[in-house]
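Peer 1: test case, fold it:
(chains A and B)
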There are 2 protein chains.
Amino acid sequence: MNTATFKRDDLFNLALTLLTNAGLEPAKAEVVAELLVQTDELGVTTHGTSMVPYYLPELKAGMMTSEGSYEVVQDRKVTMVWDGTYLPGHWLMQQALDVCMARATEFGMAALSMRRAHHIGCLSTLTRIAADRGFVCYIATSDPSGKWVAPYGGTEPLLTPNPWAIGYPSREHPVLIDTCASITTVSKVRELINTGVQFAHPWMLDAAGNATTDPNVINADLRGSIQPVGGSDHGHKGFGLALMVEMLSQGLSGHGRAEEPERWGGNVFLQVMDPEAFAGKEAFEREVSHLNDLCRANRPLDAARPVRVPGDRASAALKAAQGGTVRLPQEVFARLEQSAAEYGVSMPSMC
Amino acid sequence: MNTATFKRDDLFNLALTLLTNAGLEPAKAEVVAELLVQTDELGVTTHGTSMVPYYLPELKAGMMTSEGSYEVVQDRKVTMVWDGTYLPGHWLMQQALDVCMARATEFGMAALSMRRAHHIGCLSTLTRIAADRGFVCYIATSDPSGKWVAPYGGTEPLLTPNPWAIGYPSREHPVLIDTCASITTVSKVRELINTGVQFAHPWMLDAAGNATTDPNVINADLRGSIQPVGGSDHGHKGFGLALMVEMLSQGLSGHGRAEEPERWGGNVFLQVMDPEAFAGKEAFEREVSHLNDLCRANRPLDAARPVRVPGDRASAALKAAQGGTVRLPQEVFARLEQSAAEYGVSMPSMC
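Peer 2: Predicted coordinates:
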């Protein structure tokens, strides 16, 4: 058995119960649980309810703040800075999206740079909320305590993978671009280390600066690093992206590596734009849908694998989840089972 | 002799004279000539006065509009759409920067999506204008008539290289990130074809979808393409970037591939942000300068080549140009000489 299927309501209740049992305020736990289940429904099970077992010890240790609200550092209507005080990232982002969508409706666009959020999870889950309501939504996030990627030309891990995403409406379903400034992610590196597998391509760099397929270089005495997008031959492009993400999320929020934080955190830059405040929704969708169609009609490299536009796979996953069930990989389900046992919560039955 | 040095005033006058002789309104020609010389001073001689010989036939043929102004399609103060009516991109961008900097000062940030500009030249020349005045400035540009890059997983050229840049202040000099969504550029491909050289890495794709170092695939009967950033193994990342650039510049401006334009044009998305409207200029510069210093101090792969932050090389080039002279490669100088002969204009003397 490689996967198990659960009712989405059961999975939501499991996440909610575990998070509240670990001390999270119920109103916040509801938002976190809901967005984690939505992430599973999008097919991104690495960032869905599988995150609960990582959040529980953070809550218990007081490293994820369990109650209260963010602090408004700056509010100029179109631009804002919040201090997330290490509250759950999902809850903070739900608030941030609500405010930025309202401001974008009023002013055409709005942006918020946030310091000291906790982990905000899957970016597409968040951009999709705004894209479904007709907005263009950009999110970039960095963790100023994390050091995994060397600057291009360097050898010492310094930057986070620096994920960024942009979601926007098109005629059929939202386009959901969700990527990062490094070739691969920390969780992929850990997964390969745990399963004893090498990368198919030289996506890592050892401490001497040699490109390698070996994920274990990240644990060497002299730590290796993850290559920036573009790798050895054009990694300056990923390095540029990384600097941009850290500038938007740390520079504009006024808090970052200069403060040398040592706990798990997520700085965030969020921008929401209303196509109606540019050339209009109809013209917007005409252009992006036309381009999407051209992409999908492009003669594929492999006839069995037509060109996909980012968001096509998520849309198919969402349709499959419409029956109210969610399928989880064995590895995720086993970890949830372990957390449930720890907290004396019974696991829901499989469908 | 591989380079020739000219007085910057002489080079400016040469560009100005050639452009006005080809019919461009003097006030516009002054802006174009000035920004082209600034680009040479930044060290980006591929996009400086070397562009004049390409602009002259466009002006003569009426494909670059020589007088008049842009049309305002939308003005919501914080968001704007202009129709550039194929006026010179440099002049349009100077106007756009002035408006967006003023709006960003008032509202915190501002964005403008522009349809039908002509070529806007070197993006760093433009972002630097705003960064020097303390702003964060993002520019992305696409040409909806150009087809050079296949979508990831496809084989037919469809997208432009889709350049984007971001400039922002730091304590010493602006950071100037200037890159694109494809591994290499159309001008680099042409240069290698002209000089009979292959790429060092498989940055091209032939029409069958094979990665290759051969730039000539772009001219094959079944045209090949330029690989997106990330190439064969992670080109979905460059593809995502490309879609974003076309959405911002064509979707938001309401004009693009759906209209099937066939002339050389540049759609543009410009965004200007004022760090003062976020956590303040001081905190902003503290964070970005701290990160820049960490990058430069990173143990380099090659001891002879310390890690450079984007903008470091431009800053050194600008210092070298402070004596009022500009050094041009032989190839650029020869092309200018040819244009000067065609228009009966005398070439300035070398220093």
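Peer 1: which ones are touching the spatially closest residue to A:E41 that is not a sequence neighbour?
Peer 2: Closest residue to A:E41 apart from its sequence neighbours, by C-beta to C-beta, 6 or more residues apart in numbering or on different chains: A:A321 at 4.0 Å. Backbone N, C-alpha and C define where each C-beta goes, glycine included. Applying C-beta atoms under 8 Å, 6 or more residues apart in numbering or on different chains to A:A321 gives the contacts A:R8, A:D40, A:E41.
Peer 1: next: A:S113.
Peer 2: A:80-82, A:248-249, A:252-254, A:267-270, B:278-279.
Peer 1: dump the residues you listed to a markdown table, plus distance to A:T213 and secondary structure.
Peer 2: As requested, those are exported to a markdown table (distance: C-beta to C-beta, whole Å; DSSP: H, G, I helix; E, B strand; the rest coil):
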| residue | distance to A:T213 | secondary structure |
| --- | --- | --- |
| A:M80 | 43 | strand |
| A:V81 | 41 | strand |
| A:W82 | 41 | strand |
| A:L248 | 32 | helix |
| A:S249 | 30 | helix |
| A:L252 | 36 | coil |
| A:S253 | 36 | coil |
| A:G254 | 39 | coil |
| A:N267 | 31 | strand |
| A:V268 | 32 | strand |
| A:F269 | 33 | strand |
| A:L270 | 35 | strand |
| B:F278 | 41 | coil |
| B:A279 | 41 | coil |
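Peer 1: check these and tell me the two furthest apart.
Peer 2: Maximum pairwise distance in these, criterion C-beta to C-beta, is 15.6 Å, between A:G254 and A:L270.
Peer 1: neighbour count: those two, which is higher?
Peer 2: The neighbour comparison of A:G254 against A:L270 (other C-beta atoms under 10 Å in any protein chain shown) goes to A:L270, with 28 against 25.
Peer 1: now the closest residue to the more buried one other than its chain neighbours, what's its secondary structure?
Peer 2: Once flanking residues are discounted, A:L270 sits nearest to A:L112: 4.9 Å by C-beta to C-beta, 6+ apart. Here A:L112 is recorded as strand under DSSP: H, G, I helix; E, B strand; the rest coil.
Peer 1: alpha carbons of the helix or strand hosting A:T5, as CSV, please.
Peer 2: Counting by DSSP states H and E, the element that carries A:T5 is strand A:3-7. Output in CSV follows, covering the C-alpha atoms of strand A:3-7 (Å, rounded to 0.1, in the frame of the first residue of the first chain):
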residue,chain,number,x,y,z
THR,A,3,-1.2,5.6,-0.6
ALA,A,4,-4.2,5.9,1.7
THR,A,5,-7.4,7.8,1.0
PHE,A,6,-9.2,9.8,3.7
LYS,A,7,-12.3,11.9,3.9
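Peer 1: now do the buried residues in it.
Peer 2: Buried residues in strand A:3-7, counted by 16 or more other C-beta atoms under 10 Å in any protein chain shown: A:A4, A:F6, A:K7.
Peer 1: which residues pair with the second one across the strands?
Peer 2: Put plainly, it is A:F6. Per DSSP bridges, the residues bridged to A:F6 are A:V326.
Peer 1: from memory it sits against A:L336, does it?
Peer 2: No: under the criterion of C-beta atoms under 8 Å, A:F6 is not in contact with A:L336, lying 9.4 Å apart.
Peer 1: contacting residues around the lowest-mean-pLDDT helix or strand in chain A?
Peer 2: Taking mean pLDDT, DSSP states H and E as the measure, helix A:186-195 is the helix or strand of chain A with the lowest mean score, a mean of 91. For helix A:186-195, the external contacting residues (C-beta under 8 Å, 6+ apart) are A:T46, A:G146, A:W148, A:P161, A:Q198, A:F199, A:M204, A:P215, A:N216, A:I218, A:N219, A:I226.
Peer 1: counting neighbours, which of those end up buried?
Peer 2: Buried members of the contacts of helix A:186-195, scored by 16+ other C-beta under 10 Å, are A:T46, A:G146, A:W148, A:P161, A:F199, A:M204, A:P215, A:I218, A:I226.
Peer 1: element containing the fourth one?
Peer 2: Going back to what we said before, that points to A:P161. Per DSSP H and E, there is no helix or strand for A:P161.
Peer 1: now it: how far from chain B?
Peer 2: 12 Å (C-beta to the nearest C-beta, to the nearest Å).
Peer 1: list the contacts of that residue.
Peer 2: Contact partners of A:P161, counting by C-beta under 8 Å, 6+ apart, are A:W148, A:V149, A:C180, A:A181, A:S182, A:T184, A:T185, A:V186, A:I226.
Peer 1: gap between the residue most central in space within chain A and chain B?
Peer 2: By C-alpha atoms, centre = their mean, chain A has its centre lying nearest to A:C122, at 3.0 Å. Look at A:C122 and chain B: by C-beta to the nearest C-beta, they are 15 Å apart.
Peer 1: number of nearby residues for the closest residue to that residue other than its chain neighbours?
Peer 2: Among residues not flanking A:C122 along the chain, A:H47 sits closest, at 3.9 Å (C-beta to C-beta, 6+ apart). When neighbours are counted by other C-beta under 10 Å, A:H47 registers 21.
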